[in-house]
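K.L.:
following is a predicted model, sequence given first.
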Amino acid sequence: MSLVGFSTVATITLLLCVLTGPDRDDLDEFYTGYSSLSPMRNGLAIAGDYISAATVLGTSGVIALFGYDGVVLALSTALSLMLLMFLLAEPLRNAGRFTMGDALTRRMPGTRSVRITASVVTLASLLPLMLVQLAGTGQLMGFILGFSGESMQTGCIVGVGALMISYAAIGGMKGTALIQILKIVLLLGSGLLVAALMLHRFDWDPGALFDAAAANSGTGDAFLASGLQFAGSVSPGIDMISSHLTVVLGGACLPHITMRMYTADSARQVRRSMSWAVSGVALFVLVITVVGFGATALLGRTVVAGADPRGNTAYLLGTRAVFGAEVSTAETVLFTTVTTAIFLTVLASVAGMILACANSLAHDVFAARVQDMTPRREMLLARLSAAAVGVPAILLATLVQHHSLHPLITLSFCLGASAIAPALVYGLFWRRYTRTGLLATLIGGTLSVLVLMPGTNLVSGSPVAAFPDADFTWFPFTTTGLLSIPAGFLCGWLGTLASGRPRAEEQRRQYEAVEGRILAGAIRRRP
């Protein structure tokens, strides 16, 4: 039934992309879908883009293995989207048009170097996440469908990757938005049913669920207290703060999330869209909390860790366990719906990331180089860029599928928090911010992450690291945020100071010329 569900979803979503994709050579239609989505549909699409397979499987696994610390991670995920909603969403929509490069160059037009750097950072931050989603596809489908052959898993990666390239190239923004909407509705609907069944097993008493999870965790009361996840760190408290700060600042600043701000037609619509998105993500945080604790309560922490040391199968294990020994037809259909929703989550998440990378390459790199490039040619370049990004991602995913992929997830969030977040905050709100400062932020933040990341305990020095048999840890924390986030902001400040007062005053005047549009906004009229 799962295989039938996967095939059905693949067919329907591909058909949706064909039916809703651009029918003429219009950049606004391909990049933003003419901003025609209602606030509710746009909000659901944002939530769908935001909730990746790493969130569904990884965060629920952390909850199942580490209890309270996992719940804090899930709440940090929701808080990140709230930060985007209240601080950056409206200025981003007002400043940008199609890509992050548009938003960053609104106040300093004609700076091609900024666009190219923004495109490079976009690729660097999203490619690791794409690899994680794609590489996990083979193992996920093997777990669901019951096969373990490496050739079958590789075939699944290639097939799913080809589908995702097709979604981005054919559907554009509107086509991928509809897939995201279908994904979030299916994911939330099935998840709420599973969470209700889980609570029903414990007489609708969350306290009984938590107590049973703690008793079955093998750690006792520590499961419901802070510190279990970072117990092996040299400084657990600092490591926890650094990790959650990275999630809060980096999660919602990743380019495939910020590009959804440009699909809103007005500042009022972006506010309403974000309200729907935050509500959807908060509801899903409750779902994975209940299912994650339920997996430990019903099966035990040892069983969850035995199936996957990172707990990535906890969501599926909890769903299967809640049905009991005898499974009815309705419960079989529900489990099939859950597995199909996760499969669709992988499809939709990577399709959105490929689209963000393709848009950035076509619009910020190629179109900025050629004066008066025709819309037809730019759209062709965007579609070719989707293949140019997707094909190497598929090949790399087949090579890393049997390694620990958690460092790649962390790398993406660290780049979002250390390079993109400081650039957006400075670029949208600091009057004297210069081109040199912007380049220093993007390059300095990125380099600080790339230098520190190999020394973290996710790369070596632990059984679940990418290289478990080696130990070259010299920065003994889970993320680089403790140093790389301040480094990103510091580089931007120093770069602006190095530009000199005359250049800073010139940038201040240019910013003030567009300040009303960036901060107050105006309805963007459709062509």
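P.N.:
That came through, no problem. In this text the structure is predicted, and so the values were computed from the model without any measurement.
K.L.:
for stretch 302-322, give the mean pLDDT please.
P.N.:
Model confidence over stretch 302-322, given as mean pLDDT, is 88.
K.L.:
can you name every helix or strand that whichever strand or helix holds Tyr511 contacts?
P.N.:
Element membership of Tyr511 [criterion: DSSP states H and E] is helix 501-515. Contact partners of helix 501-515 among helices and strands, from 3 or more Cβ pairs under 8 Å, 6 or more residues apart in numbering; DSSP states H and E: none. Every residue, glycine included, has its C-beta placed from N, CA and C.
K.L.:
can you start the count at 33 instead of 1 from here on
P.N.:
New numbering, starting at 33: the last item is helix 533-547.
K.L.:
enumerate the positions of it that are buried.
P.N.:
For helix 533-547, a neighbour-count test (16 or more other Cβ atoms under 10 Å) marks Arg535, Ala536, Gln539, Arg540, Gln542, Tyr543 as buried.
K.L.:
nearest to Val336, out of those: which one, please.
P.N.:
If you rank the buried residues of helix 533-547 by distance to Val336 using Cβ to Cβ, Tyr543 comes first, at 51.6 Å.
K.L.:
Leu470 versus that closest one, what's the distance?
P.N.:
Distance of Tyr543 to Leu470, given as Cβ to Cβ, to the nearest Å: 12 Å.
K.L.:
residues contacting Tyr100?
P.N.:
Applying Cβ atoms under 8 Å, 6 or more residues apart in numbering to Tyr100 gives the contacts Phe255, Leu256, Ala257, Ser258, Leu260.
K.L.:
re the thing from before, contacts for the helix holding Tyr543 next, please.
P.N.:
With Cβ under 8 Å, 6+ apart, helix 533-547 has contacts from Ala127, Arg138, Arg139, Met140, Arg463, Arg464, Tyr465, Thr466, Arg467, Thr468, Thr528, Ser531.
K.L.:
tell me what the lowest-mean-pLDDT helix or strand in the chain is packed against?
P.N.:
When the helices and strands of the chain are compared on mean pLDDT, DSSP states H and E, helix 59-64 comes out lowest with a mean of 79. Counting by 3+ Cβ pairs under 8 Å, 6+ apart, the packing neighbours recorded for helix 59-64 are helix 204-233, helix 407-432.
K.L.:
shouldn't Ile189 be within a helix?
P.N.:
Yes. The assignment for Ile189, made by DSSP: H, G, I helix; E, B strand; the rest coil, places it in a helix.
K.L.:
these two touch, right, it and Ala429?
P.N.:
Yes. Taking contacts as Cβ atoms under 8 Å, Ile189 lies within contact range of Ala429: 5.3 Å.
K.L.:
shared neighbours, the two?
P.N.:
Residues touching both Ile189 and Ala429 by Cβ under 8 Å, 6+ apart: Leu166, Ala167, Thr169.
K.L.:
neighbours of the last one, how many?
P.N.:
The burial count assigned to Thr169 is 25, neighbours taken as other Cβ atoms under 10 Å.
K.L.:
what do you get for the first one?
P.N.:
By the criterion of other Cβ under 10 Å, Leu166 has 29 neighbours.
K.L.:
which non-adjacent residue is nearest Leu318?
P.N.:
Distances taken as Cβ to Cβ, 6 or more residues apart in numbering put Ala227 closest to Leu318, at 7.1 Å, once the chain neighbours are dropped.
K.L.:
for Leu471, same thing?
P.N.:
Distances taken as Cβ to Cβ, 6+ apart put Thr149 closest to Leu471, at 5.8 Å, once the chain neighbours are dropped.
K.L.:
spit out the contact partners of the closest residue to Ala394 other than its chain neighbours.
P.N.:
Distance criterion Cβ to Cβ, 6+ apart; nearest residue to Ala394, sequence neighbours excluded, is Ala414 at 3.8 Å. Residues near Ala414 by Cβ under 8 Å, 6+ apart: Phe62, Tyr63, Ala201, Ala390, Asn391, Leu393, Ala394, His395.
K.L.:
and the two most separated of those residues?
P.N.:
Ala201 and His395 (15.0 Å).
K.L.:
any idea how far Ile44 is from Leu224?
P.N.:
As judged by Cβ to Cβ, Ile44 and Leu224 stand 22 Å apart.
K.L.:
ah, wrong one, I meant Met405
P.N.:
From Met405 to Leu224 the distance is 47 Å (Cβ to Cβ).
K.L.:
doesn't Leu490 belong to a strand?
P.N.:
No. Using three-state DSSP, the assignment for Leu490 is coil, not a strand.
K.L.:
and it, how far from Arg342?
P.N.:
According to Cβ to Cβ, Leu490 and Arg342 sit 11 Å apart.
K.L.:
find residues that contact each of those two.
P.N.:
Common neighbours of Leu490 and Arg342, counting by Cβ under 8 Å, 6+ apart, are Ser436, His438.
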